[in-house]
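S.K.: Any chance you can model this:
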Amino acid sequence: MKSSNVCIFDIGYVSSEPVEVLRKRHTISVHGYNAHKGFSDVAFCSHDDSRLLASDVYGVINIWDRRASALPCLELATNSNSPVNSIKLNADDQIIFGASKQGTIFMWDIRGGRSSAAFQNNRVLFSYDIN
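M.R.: As a prediction, this is how the structure comes out:
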């Protein structure tokens, strides 16, 4: 089942109920159009456990500050409406890298909140490690 929620569980005790549920902002729907929904990847900030990122099937990176709200505090778009399948933060949690199925790699400097660059590659990208 695809969902627009990110459920957070505490593995310190056994429970089927999440301790926190983060939600995506509502999108405008058009009558008769079956839009996919859900997230494609999740990333955690290594220096701040209150920040969480998730890429969605619309090509948007949702960023939550769990101390502030259950809704994203920032949404970064790719301007392509194609899913960002994989996201990763650099070592100091300042740059977000996203990869699409079409071979495009996006970069955002989250100190400025805009797309810094986009690169196109026709080869398949299986994994990347940024340190």
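S.K.: mind listing what's buried in stretch 45-62?
M.R.: Buried positions in stretch 45-62, judged by neighbour count with 16 or more other CB atoms under 10 Å: 45, 51-62. C-betas here are computed from N, CA, C, even on glycine.
S.K.: what's the first-to-last distance across that stretch?
M.R.: Across stretch 45-62, the terminal residues are separated by 13 Å (CA to CA, to the nearest Å).
S.K.: ditto for stretch 57-70
M.R.: The straight-line separation of the ends of stretch 57-70 (CA to CA) is 19 Å.
S.K.: Flag the shaky bits of the protein, pLDDT-wise.
M.R.: 1-2, 25-37, 81, 113-131 (pLDDT under 70).
S.K.: So which residues of it form strands?
M.R.: 5-8, 20-23, 39-44, 51-56, 60-65, 74-77, 84-89, 95-100, 104-109, 114-120 (DSSP state E).
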